[in-house]
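1. please find the sequence and the predicted model below.
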Amino acid sequence: MIKRIFPILTAVFLLQHSQAQSIISRDSVIDQMTKKVSSDSLKSYISKLVDFGTRNTLSTQKDKNKGIGAAREWVLSKFRDFARSSGGRLTAIIDTTTIAADGRRVDTATLLGNVMATLKGTNPQDTRIFVISGHLDSRATDVMNRTTGAPGANDDGSGTAAVLECARVMSSYSFPATVIFVAVSGEEQSLLGSGYLAKKAKTGGWNIEAMLNNDIMGSNHSNETNIIDNTRVRVFSEGLPAFEAEKNLTNIRNLGLENDGTSRQLARYVKEIGERYVDNLEVVMVYRNDRFLRGGDHTPFVQNGYSAVRITEMNENYDHQHQNIRTEKGIRYGDLQEFMDFEYLRKNTCLNLVSLANLAKSPYTPQDVKVDVKNLTNSTFLYWKAPATGKLKGFYVLMRETTSPVWQKKFFTDKTEMRLPYSKDNYFFAVQSVSTDGNEGLPIVPAVGR
Ligand SMILES: [Zn+2]
């Protein structure tokens, strides 16, 4: 009898003390990493990117100093600089493919190159990959114009700079899982570089658990509403998963899981971990895959079945995106560095870094997570299997009301089951693995167990 009651008391005890998220302490190593992210570094990368004149995907690949060809060689050289302090674990390549003319945004066959650095995980049994991306290419008003100035400081110098800075800082640390840092190309020409990479990953069976796309994240003010805000950032995620939607629809409908797809879970995770480590930054989840009239590099990944989200500034300035540099009726147009806020970009870069680092340090997710539905009860019994590899401290069981956007309670256990005095009918649950350093992995929503 005592044995039976004890786990229940443990859960209640932890419940009372886990009301405040602050009892979950920061991992001191990740904290140390965030202190190395520098707004000066970010600014220096963007100054250099702007100097290439244009980084239009169709621009010159022969000039040593101008155009997309010179830009990607420079990004490669930065990755290779960082590789020196990684003890051989960081390697970098330009992954090229030839894009045929498509009669739309590509008018002649063009060599496209994604610049990609891979920080190999330290556990040979761990096949997981976590990806951070930005796009290297830029555009002027006319997407086909390959010579006019297109500085692309924010779109997407900001995302590319964040990728570089995460690679610089993270490459001198080690993680059991692998992290890929990539500056894709061809985004403005219709997500060509990310489409190529996502398809390659799918075909090659890459075990990508999460992909963070960073696009337009370093400016703090809108053009028409005079809002200035460098304390909030948006994370866009799809609701109903684009991949194999029909196959999963019955299950989603029966269990009420329309807000619990894996990309939505990733968005929730980025919010929780980001707000744990990055001060004065609120992560605002937007429940849609992307903004109106715009696309992003996470989309080919979600379409291929991966969990992927888009990170973007709170208020966009359309005078500074996809515009030729000019002054008209007193308004300055163009994607120039002078319109950026490097302290804001630093925080948004840290958001990526802490999410990636916490994921790459986390153990594999729990297996066969089930919620017991054999009987009518006013409590909930969850059970699962420990992952086959990785060092575990235990598991968190997450709980939230069905109307809550975020997880509200977190219960720790070192067992592979938990009984909670809350009805399975009234709450959503999930289970996360926790490493010995306290890093939790992505939450797994239970299937029904009979
Ligand atoms: Zn963009």
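-> Structure received. Numbers count the residues shown, from 1 in each chain.
2. alpha carbons only for contacts and neighbour counts from here, please
-> Noted.
3. which element is whatever residue of the stretch 351-450 of the chain ends up closest to the ion on?
-> The ion sits closest to Asn352 of the stretch 351-450 of the chain, with a gap of 17.0 Å, by C-alpha to the ion. Using DSSP states H and E, Asn352 sits within helix 342-361.
4. and the next element down the chain from that helix?
-> Following helix 342-361 in sequence, per DSSP H and E, is strand 367-372.
5. where does the protein come near the ion, residue by residue?
-> Proximity of the chain to the ion, by C-alpha under 5 Å from the ion, involves residues 155, 215.
6. pLDDT below threshold where in the chain?
-> The chain contains residues with pLDDT under 70 at 1-23.
7. just the element for the residue most central in space within it, please.
-> The centre of the chain sits closest to Leu212, judged by C-alpha atoms, centre = their mean, with a distance of 2.0 Å. Take DSSP H and E as the rule and Leu212 turns out to sit in strand 207-214.
8. go ahead and name everything in contact with that strand.
-> 127-135, 158-160, 162, 201, 266, 296-298, 301, 306-312, 352 (C-alpha atoms under 8 Å, 6 or more residues apart in numbering).
9. how about stretch 146-158?
-> Residues outside stretch 146-158 that contact it (C-alpha under 8 Å, 6+ apart): 42, 45-47, 49-60, 134-140, 214-219, 321-325, 334-337, 340, 345.
10. try stretch 50-67
-> Outside of stretch 50-67, the residues within contact range by C-alpha under 8 Å, 6+ apart are 68-71, 106, 110, 112, 136-139, 143-153, 157, 185-186, 188-189, 336-337.
11. those residues in helices, which ones?
-> When those are checked against helices (DSSP state H), the matches are 68-71, 157.
12. closest to the ion among those?
-> The ion has its nearest neighbour among those in Gly157, at 8.8 Å by C-alpha to the ion.
13. burial measure for the closest one, as a count.
-> 34 (other C-alpha atoms under 10 Å).
14. check Asn248 too.
-> With other C-alpha under 10 Å as criterion, Asn248 counts 12.
15. how about Thr122?
-> Counted with other C-alpha under 10 Å, the neighbours of Thr122 add up to 13.
16. skipping adjacent residues, who's closest to Ala388 in space?
-> Of all residues not flanking Ala388 in the chain, Tyr364 sits nearest, at 7.8 Å (C-alpha to C-alpha, 6 or more residues apart in numbering).
17. that neighbour and Ser86, how far apart?
-> Distance, Tyr364 to Ser86, using C-alpha to C-alpha, to the nearest Å: 24 Å.
18. of those two, who's got more company?
-> For Tyr364 versus Ser86, the count of surrounding residues by other C-alpha under 10 Å is larger for Tyr364: 27 against 20.
19. that one touches Phe395, doesn't it?
-> No: Tyr364 is beyond contact range of Phe395, at 11.1 Å (criterion: C-alpha atoms under 8 Å).
20. list residues touching both of the two?
-> Here Tyr364 and Phe395 have Ser433 as joint contacts, going by C-alpha under 8 Å, 6+ apart.
21. so which helix or strand takes in the residue in the stretch 51-200 of the chain that the ion sits nearest to?
-> Proximity of the stretch 51-200 of the chain to the ion (C-alpha to the ion) peaks at Asp155, 4.6 Å away. In the assignment (DSSP H and E), Asp155 maps to no helix and no strand.
22. and the gap between it and Leu49?
-> For Asp155 relative to Leu49 (C-alpha to C-alpha), the value is 11 Å.
23. who has more neighbours, the two?
-> For the pair Asp155 and Leu49, the greater number of neighbours falls to Leu49 (31 against 28), based on other C-alpha under 10 Å.
24. count the residues that sit near the closest residue to Val431 other than its chain neighbours.
-> Among residues not flanking Val431 along the chain, Val397 sits closest, at 4.6 Å (C-alpha to C-alpha, 6+ apart). Look at Val397: counted by other C-alpha under 10 Å, it has 22 neighbours.
25. check contacts around Val397.
-> Applying C-alpha under 8 Å, 6+ apart to Val397 gives the contacts 410-413, 418, 429-432.
26. contacting residues around the nearest residue to Lys409 once chain neighbours are set aside?
-> Excluding the flanking residues, the one nearest Lys409 by C-alpha to C-alpha, 6+ apart is Met399, at 5.2 Å. Applying C-alpha under 8 Å, 6+ apart to Met399 gives the contacts 407-410, 427-430.
27. spatially, which two of those residues are the most separated?
-> By the measure C-alpha to C-alpha, Lys410 and Tyr427 form the most distant pair in those, at 12.9 Å.
28. neighbour count for these two, which is higher?
-> Neighbour totals were compared for Lys410 and Tyr427, and Lys410 leads with 25 against 15 (other C-alpha under 10 Å).
29. do I have it right that that one meets Arg400?
-> No: because the distance of 9.2 Å does not satisfy C-alpha under 8 Å, Lys410 is recorded as not touching Arg400.
30. I'd say Val179 and Phe130 touch.
-> Yes: with contact defined as C-alpha under 8 Å, Val179 counts as touching Phe130 (4.8 Å).
31. need the residues touching each of these two.
-> Counting by C-alpha under 8 Å, 6+ apart, the common neighbours of Val179 and Phe130 are 356, 360.
32. out of the ones in helices among the contacts of stretch 50-67, who's nearest Tyr277?
-> Proximity of the ones in helices among the contacts of stretch 50-67 to Tyr277 (C-alpha to C-alpha) peaks at Gly157, which lies at 24.1 Å.
33. any chance of the backbone angles for the residue of the stretch 301-450 of the chain found nearest the ion?
-> Closest to the ion within the stretch 301-450 of the chain is Gln321: 8.4 Å, counting by C-alpha to the ion. Backbone torsions for Gln321, taken as degrees, to the nearest 10, come to phi -120, psi 140.
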